[in-house]
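Colleague: After the sequence you'll find the predicted model.
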Amino acid sequence: MYANVLRAGTLTDDRVIRRVSSNFVPTHFNNNDPTRDPGSPSALAWKAIISQKPLQGQGIWIIGPDGKVLGGMSAEVDGHPSEKVGAGPGAPWRANPKFADACVELLDSSLTRFGEVKPRAARAEPLPFRGAGVKPDGSVRLVVYNAADNGLVFSAQLSKGDWATFTTTQWQVGTRWTLPDAVARQFAPVLSPYADTRFRPRPGDLKSAVLQAEVESVEGDLARIRLTGRWLADWVHDGNEHSVGTASADGIAVFDMEKKSLKSLLMVFDGTYNYAVPPRPQTVAAVVRWRRDGPAE
Amino acid sequence: MIITRLLAFSAVMTVALATTAQTPRPDLEQLERRAAGLIPTRKQLRYQEIPWVHDLAEAMRTAREEDRPVFLWGYGGRARPDNGLEGC
């Protein structure tokens, strides 16, 4: 949850954004990614950094271009602690404004130590292909939005084969089909209203997933496909933690008959999420969308 | 314990069934309007305004080329391939 406290507090603070964007090369690193090659250049760079200043592996580091750590801070070690609201896992957290103050202090003192730098003009780019376009391998990255937990935006990935199941070769109005179970399961993370990914179900955590499609209309070169779905997650995670999530979705995908490709997809999810016993139901409302043309988001 | 879990399960299923009850299907414009109200505010997503380099080794290379320090946000602990910009 600490990552969310930083993301929703310190990293949305105007003073931090301005300083980081114009003076530093900003990057981020997941120190516990099981898919990362431990011998990769990034993993080796990380090892060198934490050997100088461990900070329990979570926090902010300022590193010189020579690899020397100039400063760092963590909520748990020598920064200011974040504050928790409520009790138990899944309870919302709020960022401590003092932590942003401490970060500004760290940025300024590190820069003073390093010396003057030319203002940087790099522009923020969205994550590649998120919410738009088809990757060279034919897969797509749908964007998911949820206004809960300080605002969530993440991805639902579909392979080329998954994506193909959203279309048909029979374009008569009323043609219906059920998408493969494995494709419906890719929407599992949408069931969670939390930024903390231990509360985000993965495809295998679902008890059931059903996603159906129907050609609703054909006008000119465009066919509208109605999408309806139902999902149920009921799983034990992270030791003995238990979550139950359920959702239904209504959506429309537009198929371009001339270009023989999907043009857009929009789905709205509604459901509830319960962490543990006794039930603590929370409403879930999320948007999943994608467009063929236009910039990523 | 089992009864409590069953009660919890039936509670969420009741809500789910109520949600999926026979209601008129929203058209695309209605879905778009509903979606617009569910998207986080720009203020909430301001961390995306930072020009992140998504690879630590690449950021170190850029820092050497530009002779400036790296700002590194480190996170983890879930043993998942999370991208901190999307949740962790």
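Modeller: Received, thanks.

Colleague: after the helix or strand bottoming out on mean pLDDT in chain B comes which helix or strand?
Modeller: Sorting the helices and strands of chain B by mean pLDDT, DSSP states H and E puts helix B:2-19 at the bottom, at a mean of 48. Using DSSP states H and E, the next helix or strand after helix B:2-19 towards the C-terminus is helix B:28-36.

Colleague: anything in that next one near chain A?
Modeller: Yes: residues of helix B:28-36 contacting chain A under Cβ under 8 Å from any Cβ of the partner chain: B:L28, B:L31, B:E32, B:R34, B:A35. All C-beta spots, glycine's among them, are computed from the backbone N, C-alpha and C.

Colleague: element containing A:K118, please.
Modeller: A:K118 belongs to no helix or strand, assigned by DSSP H and E.

Colleague: quick one: it and chain B, what's the gap?
Modeller: Per Cβ to the nearest Cβ, to the nearest Å, A:K118 is found 8 Å from chain B.

Colleague: ok, that residue - how many residues close by?
Modeller: 10 (other Cβ atoms under 10 Å in any protein chain shown).

Colleague: Apart from its neighbours in sequence, what residue is nearest A:G294?
Modeller: A:A132 (5.2 Å; Cβ to Cβ, 6 or more residues apart in numbering or on different chains).

Colleague: can you pull out the helices in the stretch 1-150 of chain A?
Modeller: Shown for the stretch 1-150 of chain A, the helices assigned by DSSP state H, counting those that start in this stretch span residues A:2-8, A:14-23, A:41-52, A:97-114.

Colleague: returning to that earlier point: ok, now which ones touch the residue nearest to A:G294?
Modeller: A:W290, A:R291, A:R292, A:D293, A:G294, A:P295, A:A296, A:E297 (Cβ atoms under 8 Å, 6 or more residues apart in numbering or on different chains).

Colleague: please redo it, this time with the cut-off set to 7 Å
Modeller: A:A132 makes contact with A:W290, A:R291, A:G294, A:P295, A:A296, A:E297, according to Cβ atoms under 7 Å, 6 or more residues apart in numbering or on different chains.

Colleague: who wins for neighbours among the residues you listed?
Modeller: Ranked by the number of neighbours (other Cβ under 10 Å), the contacts of A:A132 place A:W290 first, at 26 neighbours.

Colleague: who does the strand or helix carrying that one touch, helix- and strand-wise?
Modeller: A:W290 is part of strand A:282-291 when elements are defined by DSSP H and E. On a contact count with 3 or more Cβ pairs under 7 Å, 6 or more residues apart in numbering or on different chains; DSSP states H and E, strand A:282-291 meets strand A:140-146, strand A:261-275.

Colleague: one step back: determine which two of the contacts of A:A132 are furthest apart.
Modeller: The distance between the two most remote of the contacts of A:A132 (Cβ to Cβ) is 12.5 Å, for A:W290 and A:P295.
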